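> Pasting the sequence and the predicted model now:
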2 protein chains.
Amino acid sequence: MDKNLLGTNVVTQIGILVHDIEATTRAYAEFFGVDVPEIIISDTVDKTNMEYKGKTSPARCRQSFFHVGGACMIELIEPDHEPSEWRDALNKNGEGVHHIAYEVEGTDEKIRLLEKNGMPLTQKGDYTGGRYAYIDSTADLKVMIELLENFKK
Amino acid sequence: MDKNLLGTNVVTQIGILVHDIEATTRAYAEFFGVDVPEIIISDTVDKTNMEYKGKTSPARCRQSFFHVGGACMIELIEPDHEPSEWRDALNKNGEGVHHIAYEVEGTDEKIRLLEKNGMPLTQKGDYTGGRYAYIDSTADLKVMIELLENFKK
């Protein structure tokens, strides 16, 4: 594999799939002794342009975030029942860690490089100020990765 | 739950169970573009005093580590076939993220506090310079946690 493929080795999120975002957000807030953070709902597909397995999907999720040192956050994700990586993984594997995220530049190029190295894209989408892509790296890395790209202002 | 139970919210390790530590260590080294790190074998039970589900066990594991920003490392773990949290989790859930580690002081007190809050100890042991404990926090936090305590010199 090319040296330094992602251009980073800094984990910025640990993504955890959950069935009940309110309950698990409360549990983490109590565990860390912090205020319960806001639960965010992802944008509608006209804004996200979300694609799962190459097809547009209206899937949305609810999310909450906890700082866990340095650049890293725990991200809790409760998906809806439309087609998505989140829903399929939650149905298949149950609750738990789904991915580890790295912040990159040039997502499209990174996706191509990863696919060349046997790590295919499963889902991608936009959010205000950036975009994300899930990569099936489980064969090699034993966990999915997420590419996050926050556009420079 | 008590405020700030662990005394920290900093994740110091993401622990991943694997079947073949050589292959997965090579895959991560290639992915990050770094040299393949040394694979370490945990100490024998006379040094670890390892207990799993309240019973002494001679289980050992092989480990490798990758820095992933700030205080955080990815830890790869290949267990042997003696009784352990590692082996049971790998047999039950397959390869993947097993725990998130936090560095604490006063492990015994933290274990008691966590047990009072419905998060029981499953395994504990010593290593040169410190000790660890796995806590079954999956009901509340959807992932196991590890307490790591490195003794002050």
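Perfect, I can see it now.
> contacts and neighbour counts: CA atoms only from here.
Noted.
> near chain B, which residues of chain A?
A:1-6, A:8-11, A:16, A:18, A:24, A:27-28, A:30-34, A:67-71, A:95-97, A:140-143 (Cα under 8 Å from any Cα of the partner chain).
> Could you rerun that using 6 Å?
A:1, A:3-4, A:9-11, A:27, A:30, A:32-33, A:68-70, A:95-96, A:140, A:142-143 (Cα under 6 Å from any Cα of the partner chain).
> Average pLDDT for stretch A:28-40, rounded please.
What stretch A:28-40 shows for mean pLDDT is 96.
> got a list of contacts for that stretch?
A:26, A:62, A:63, A:64, B:1, B:3, B:4 (Cα atoms under 6 Å, 6 or more residues apart in numbering or on different chains).
> same question, stretch A:63-77
When contacts are defined by Cα under 6 Å, 6+ apart, stretch A:63-77 is touched by residues A:12-18, A:39-40, A:62, B:9-11, B:70.
> mind checking the end-to-end distance for it?
Terminal residues of stretch A:63-77 are spaced 5 Å apart (Cα to Cα, to the nearest Å).
> Return the set of buried residues in that stretch.
A:63-69, A:72-77 (16 or more other Cα atoms under 10 Å in any protein chain shown).
> quick one: average pLDDT of it?
Mean predicted confidence for stretch A:63-77 is 96.
> Equivalent analysis for stretch A:127-143, please.
In this model, stretch A:127-143 carries a mean pLDDT of 97.
> so how far is the first residue of that stretch from its last?
Per Cα to Cα, stretch A:127-143 runs 23 Å from first to last residue.
> Among the residues of chain A next to chain B, which ones are in strands?
Assignment to strands by DSSP state E places the following of the residues of chain A next to chain B there: A:11, A:96.
> Which members of the residues of chain A next to chain B occur in helices, if any?
The helices, defined by DSSP state H, take in A:27, A:30, A:32, A:140 from these.
> How many neighbouring residues does the third one have?
Around residue A:32 there are 23 other residues, counting by other Cα atoms under 10 Å in any protein chain shown.
> Strands along chain A, start to end?
A:11-17, A:40-41, A:51-52, A:55-56, A:61-67, A:73-79, A:96-103, A:121-127, A:130-135, A:144-150.
> Output those in JSON lines; the columns should cover distance to residue B:56.
Output for those, formatted as JSON lines (distance: least, Cα to Cα, whole Å):
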{"stretch": "strand A:11-17", "distance to residue B:56": "32"}
{"stretch": "strand A:40-41", "distance to residue B:56": "46"}
{"stretch": "strand A:51-52", "distance to residue B:56": "47"}
{"stretch": "strand A:55-56", "distance to residue B:56": "52"}
{"stretch": "strand A:61-67", "distance to residue B:56": "36"}
{"stretch": "strand A:73-79", "distance to residue B:56": "33"}
{"stretch": "strand A:96-103", "distance to residue B:56": "29"}
{"stretch": "strand A:121-127", "distance to residue B:56": "44"}
{"stretch": "strand A:130-135", "distance to residue B:56": "40"}
{"stretch": "strand A:144-150", "distance to residue B:56": "35"}
